[in-house]
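K.L.:
Make a model of this:
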Amino acid sequence: MKNETTKTIDLYGQTKTIIINGKEVIIKKLVLGKYALIMKALKKLPEKLGSFGEISNEKIITALPSMIADSLPEIIEILSIATDVPAKELEDTYGLDDVTEVIKAIFEINNFEIVKKNMENLWKTAKTPQNQNIVG
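P.N.:
Numbers count the residues shown, from 1 in each chain. As a prediction, this is how the structure comes out:
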């Protein structure tokens with residue numbers, strides 16, 4: 001059965017519902033605690049992430065097959081944290097196309113590109129001469 005991705009997003013942009021294997025999967029905006037858990041899990045990945053240079057949605061999707069081959073337990077842990085789908089279910093029932101749909105939804109609902117841009121702008125502002133005493 002082919003996956004059909006719904007475009008259901010709640011009024012406040014906090015969730016996105018996708019269909020995987022005929023089952024609704026609700027992708028929620030990551031709260032800080034879950035985001036921290038994902039960052040810890042990402043540290044466990046081999047040097048693959050370091051070879052990306054600047055990380056983007058496209059680079060992750062392109063590198064995903066080799067990342068899964070080298071780092072399946074870590075990838076499953078990250079997806080399970082981000083989706084609340086049990087790790088065993090992810091490993092036993094999700095195909096690569098399913099995983100890419102989930103990752104795409106996680107990126108969309110969490111606005112990672114905007115977060116990155118905001119952090120870069122914040123850092124630039126912090127490094128201005130009038131803020132040098134604050135940053136060091």
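
K.L.:
CA atoms for contacts and neighbours, from now on please.
P.N.:
Will do.

K.L.:
The lengthiest helix in the chain - contacts with which helices or strands?
P.N.:
As assigned by DSSP state H, the longest helix anywhere in the chain is helix 57-83. Here helix 57-83 touches strand 23-28, helix 32-43, helix 87-93, helix 96-110, going by 3 or more Cα pairs under 8 Å, 6 or more residues apart in numbering; DSSP states H and E.

K.L.:
right, so of those, which gets closest to A63?
P.N.:
Proximity to A63 (Cα to Cα) singles out helix 96-110 among the helices and strands packed on helix 57-83, at 10.9 Å.

K.L.:
isn't A82 right up against L32?
P.N.:
No. Contact criterion Cα atoms under 8 Å: A82 and L32 do not qualify, at 11.4 Å.

K.L.:
Compare the two and say which one has the larger neighbour count.
P.N.:
A82 (21 against 9; other Cα atoms under 10 Å).

K.L.:
residues in contact with that one?
P.N.:
I27, K28, L30, K34, I38, I106 (Cα atoms under 8 Å, 6 or more residues apart in numbering).

K.L.:
so how far is A126 from it?
P.N.:
Distance, A82 to A126, by Cα to Cα, to the nearest Å: 31 Å.

K.L.:
Number of residues surrounding V25?
P.N.:
Applying other Cα under 10 Å, we find 17 residues neighbouring V25.
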